[in-house]
Structures are given as C-alpha cells and as structure tokens.
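Trainee: quick one, what's the 3D model for this:
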Amino acid sequence: MKRQRLDASGSFHQQNAAVVETSFLVSLEIAKKKKPHTIGEELILPCAKTMVKIVLGEKRAEKLNAISLSNNTVQRRISQISDDIKEQVIQEIKRAGLFSIQLDESTDVQSCSQLLAFVRYVHDEDLKEEFLFCEPLEQSTKGEDVMQKLTEFFEAEGLDWGNLCGICTDGAPAMLGSQSGFVTRVIQKAPNAIPLHCMIHRQALASKTLPSELQDTLNTIIKTVNFVKVHKANKLMEANEEKGPGLDAENQAKLRFQEELQNLGLESGHSEFGSCCRPCKPHRKFELRSKSRKGILRSISVGSG
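Mentor: Sure, this is the predicted structure:
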C-alpha cells in the first residue's frame, strides 16, 4: 500500500489526483458564481451522488465520497487558486519588463476603505490587463497610506520600481498633491513613470461644466435613445413562433429588437441604430431626428390605441 501511494504512475495516485482536481474545479465554480462555501457539501455533492447513482449505479456513486467539498476545503481551494493566479501574473509582469498600474480607493458594504490596483503589460505580443491586488486601508486614504500599501506589495513580490512606466489615478487631491500626493511619491521611486488622470473621471468632470446649450442637447439625445432602447422591452424576450419557430430565446430577442427598430423608422435595423447610439456623434442623431420622431409618435399612438 505504501509503495502504491509513492508510485506516481499507479492507479491510486491517478485516482487521488482526479479527486483533488475535481475538488478544485468545483471550488472554482463556487467562487465564480459567488455562492456560499457550504453549498458544495450541502447541495452539489449530494446531487452529484444522486445523478451518478441513478444513471451509472450505486457502486460508481460511492466513489464520489472521496471528493472533499467541505466549507474549510472549498475556502482553502479558493485561496490556493487565488495565490496561483497572482503568482502567474507576477511572473508575467517580470518577464514583460515594463508595466503600468492603475489604482483607486473604494468603500465596501462594511464602510471599510479598500485599495484596488490593476496592472497592464505586454504578454505574448499582446497588451494584457489584470487585477493586481486589493488591500484594506486601515488608517486613512491619504497619499502616504496608499504609497505604503503599494511599496509593501512591490517589496513582497520583488517588483522593480524602475520598470514602472505609468501610473493612473482618479485625480483626487490625495493622489495628485504636489507635496505629499501619491503620484509625487511614486515619481520619486520611479522617475520614468508617466502620471495619468483617468479618462473616465476627466469625462465626468468635463460633462459637469458643459454650456447650457450643449447640456440641453445632450440630455435630449440621452432621453431619446433611452426611449428607443427600452420601448416595449418586456416583449423582446417573447417567442416569435411565426418568423423564428426554432430560435432560442437570445435569437428571438434579437429578431424582435430588430423589428422594433424598423417600427421606429430605422429601416436599416441594428447597424444604423448602433451608429446612432455611438458616443461623440451628435450629428448622427440630428440626421435621424425626423425618422426617430415619426417612429416614436407612431409607437405612442399605437400604444394608446
């Protein structure tokens, strides 16, 4: 028995490896679906035993007893998967050489500040973006506290500050302060890093200071597009047996959506409507204003009738 345990090519070792792999795969799915860890032992494993027993027999179902899906086991498997993914990302960053990071502070449901960091680098001749870490900010959200967390992570994982080529933040005073801001502290350690203000935050700031004429136009466009998109939204998932008897729910919804666009006067269907809804193209909305107006008025009259 001892020899069989030590023999990597033996049937016992192969069976044990399959059991452990199954435990990892089920734990991964539990984590993806954000289900409680107890669901593995309380629901998944009993259901699996029942299915195997009915289909393949009781003897084969007994083999599933070797799969460990207890609360502690699932928690341990998820932690091991997380550590392995982080190690893979760290190794890819080191092989890539140059990398950039983006940081932001968020508050969770328990009102605890969390520091989120994302990294971007080149891997296999392609630009790759990954989640780097999430660390709690126990004291405050000042620039020095954020810098301390990032420094501790760099030192623990052996990352070189000299390879940091870019740093993106939300533009808060704690991040961009000229004296003790986070970006200033990063530049002291990584002189080649280029600081960037997040484009989404910049767009949000710019939209708050639009002239009244542009703001009114933007609001009108948003209301019109939203009306078109949500018009008869509850009917989009109904089965269209006449034109698509064999279609699944997704394709039926697409077909009904295209019909709705045609009813609103957008004869070219989804492609024309898509170009109408693309950002930074108000002239397209202006070109389709007459069609949209006729279609909306017709749909309102039909709905009231």
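
Trainee: next SSE downstream of whatever helix or strand A204 lives in?
Mentor: Assessed by DSSP states H and E, A204 sits inside helix 199-208. Counting by DSSP H and E, the element after helix 199-208 in chain order, helix or strand, is helix 212-230.

Trainee: buried ones in that next one?
Mentor: Neighbour counts over helix 212-230 (16 or more other Cβ atoms under 10 Å) mark I221, T224, V228 as buried. From N, CA and C alone the C-beta is placed, and that goes for glycine too.

Trainee: which elements pack onto it?
Mentor: On a contact count with 3 or more Cβ pairs under 8 Å, 6 or more residues apart in numbering; DSSP states H and E, helix 212-230 meets helix 270-277, helix 282-287, helix 289-304.

Trainee: check those for me: which has the lowest mean pLDDT.
Mentor: Per-stretch mean pLDDT for these is lowest at helix 270-277 (a mean of 37).

Trainee: can you list the low-confidence ranges for the stretch 51-200 of the chain?
Mentor: 177-179 (pLDDT under 70).

Trainee: can you map out the strands along it?
Mentor: Ranges of strands in the stretch 51-200 of the chain, per DSSP state E, counting those that start in this stretch, are 99-107, 113-123, 126-136, 164-169, 194-197.

Trainee: mind listing what the second one pairs with, with the direction of each?
Mentor: Looking back up the chat, that one is strand 113-123. Here strand 113-123 has these sheet partners by DSSP bridges: strand 99-107 (antiparallel), strand 126-136 (antiparallel).

Trainee: please name the nearest non-neighbouring residue to V74.
Mentor: H37 (4.2 Å; Cβ to Cβ, 6 or more residues apart in numbering).

Trainee: I'd like to know how far the one you found sits from F118.
Mentor: As judged by Cβ to Cβ, to the nearest Å, H37 and F118 stand 27 Å apart.

Trainee: quick one: which of the two has more around it?
Mentor: Between H37 and F118, counted using other Cβ atoms under 10 Å, H37 has the larger neighbour count: 20 against 15.

Trainee: need the contact list for the more buried one.
Mentor: Residues near H37 by Cβ atoms under 8 Å, 6 or more residues apart in numbering: I30, N71, V74, Q75, I78.

Trainee: how many neighbours does the third one have?
Mentor: What that stands for is V74. 26.

Trainee: isn't it up against E29?
Mentor: No. At 10.3 Å, V74 does not count as touching E29 under the criterion of Cβ atoms under 8 Å.

Trainee: and the strands paired with strand 113-123: which comes nearest A61?
Mentor: strand 126-136 (38.8 Å; Cβ to Cβ).

Trainee: so which bits of that closest one are buried?
Mentor: Neighbour-count burial for strand 126-136 flags E130, L132, F133, E135 (criterion: 16+ other Cβ under 10 Å).
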